[in-house]
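Visitor: Model the structure of this input:
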Amino acid sequence: MADQPLLPLLIEPEALAPLLGSEQLLIIDVCSADNYKTHHIPGAIHIPPAELQSGEKPAPGKIPDKRRLDALFSAAGLKAGKHVVVYDDEGGGWAGRLIWTLDVLGHTQYSYINGGLHAWLASGLPVATELPTCAASEFCGGWNESVIAEAVDVLDAIEDDDQAIWDARSPQEYSGEKIVAKRGGHIPGAINIDWLELMDRNRQLRLVDLERLQTRLNELGLGKEKTVITHCQTHHRSGLSYLVMKILGYPNIKGYHGSWSEWGNRPDTPIVTGSTPL
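Guide: Modelled structure (predicted):
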């Protein structure tokens, strides 16, 4: 039986504060470099968000190779048994992308700080400006392909009633009004819920009411009984939709890491334009 996690997946800032300095924790900051230098949670190790993506065009959001990721997390001091606490400064996109990456690597002990840096600062909790010393580790993860969706998986999902596709881009990108690839529009059958709708701007970017969100997801055909593939432009914004589904207890979710930068730049993928009635 797996060990009981040190903290639940979704935590409030106040739950972490008493544990600062614990050897069991690895706090990872995926905020902007400027925000990290200005103020970060004491002891937090900074991972630049760009390091979570390959950066290779035309689909720069694809996951880096395992060797590169092992080196990244070794430099951060990740070890088996360490409980990762992650936060960002934008409502959960990069934090969710990091958690998806940890799922790929088979490290499933982690928590997300609800609201991230904004909620931490609003709570009046301590911050630091000095860069912490980090004892490097020799992390060697696994490779769990069950949470990675490739273009062929998305093609299969289009015609499969047991699967659904969550498009976390803006409505303008979804309809094709805004085009940021060779072609604009959306994957046939994809359901559009903009990632911005998942965060509450009146509560320091904490997640919206999860019970109401689950009701909405069910009504739109994105219920827990389905395998749900989520994407955006580079699987950054859809890091948040992936994270939200994990928090809600979805058993089968995947991130399409090629996302629209791959789909919209290929000449052979089916695309629908215009807003689809719900």
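
Visitor: going forward, measure contacts between C-alpha atoms and count neighbours the same way
Guide: Noted.

Visitor: Check the burial of the closest residue to residue 33 other than its chain neighbours by counting its neighbours.
Guide: Sequence neighbours aside, residue 48 is the residue nearest to residue 33 in space, at 7.0 Å (criterion: Cα to Cα, 6 or more residues apart in numbering). Using other Cα atoms under 10 Å, the number of residues around residue 48 comes to 14.

Visitor: I'd say residue 48 and residue 35 touch.
Guide: No: contact criterion Cα atoms under 8 Å: residue 48 and residue 35 do not qualify, at 11.3 Å.

Visitor: Not counting sequence-adjacent ones, nearest residue to residue 178?
Guide: Nearest to residue 178 is residue 172, by Cα to Cα, 6+ apart, at 5.2 Å.

Visitor: Just give the number of residues close to the one you found.
Guide: 14.

Visitor: Which strand or helix spans it?
Guide: helix 171-175 (DSSP states H and E).

Visitor: could I have that helix exported to CSV, CA atoms only?
Guide: Coordinates of each C-alpha in helix 171-175 appear next as CSV, following Å, rounded to 0.1, in the frame of the first residue of the first chain:
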residue,chain,number,x,y,z
PRO,A,171,-13.3,31.2,-27.2
GLN,A,172,-11.7,33.2,-29.9
GLU,A,173,-9.0,30.6,-30.5
TYR,A,174,-11.6,27.8,-30.3
SER,A,175,-13.8,29.4,-33.0
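
Visitor: about what we covered before: show me the common contact partners of residue 48 and residue 35, please.
Guide: Common neighbours of residue 48 and residue 35, counting by Cα atoms under 8 Å, 6 or more residues apart in numbering, are absent.

Visitor: for the stretch 151-278 of the chain, what spans make up the helices?
Guide: Ranges of helices in the stretch 151-278 of the chain, per DSSP state H, counting those that start in this stretch, are 151-158, 171-175, 210-220, 238-248, 259-263.

Visitor: Distance to residue 103 and mean pLDDT added to those, as CSV?
Guide: CSV is the format used below for the helices of the stretch 151-278 of the chain (distance: least, Cα to Cα, whole Å; pLDDT from 0 to 100):
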stretch, distance to residue 103, mean pLDDT
helix 151-158, 18, 98
helix 171-175, 27, 97
helix 210-220, 22, 98
helix 238-248, 11, 98
helix 259-263, 18, 98
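
Visitor: any weak-confidence spans in the stretch 1-150 of the chain?
Guide: 1-3 (pLDDT under 70).

Visitor: the strands in it, which residues?
Guide: Using DSSP state E, counting those that start in this stretch, the strands of the stretch 1-150 of the chain run over residues 10-11, 25-29, 45-46, 83-87, 110-113, 148-149.

Visitor: Nearest to residue 227, out of these?
Guide: strand 148-149 (10.9 Å; Cα to Cα).

Visitor: partners of the closest one, with directions?
Guide: Strand pairing for strand 148-149, using DSSP bridges, gives strand 253-256 (parallel).

Visitor: pLDDT (mean, whole number) over the partner strand?
Guide: For strand 253-256, mean pLDDT is 98.

Visitor: Bridge partners for residue 110, pull those for me.
Guide: With DSSP bridges as the criterion, residue 110 is bridged to residue 84.

Visitor: ok, it to residue 137 distance?
Guide: 18 Å (Cα to Cα, to the nearest Å).
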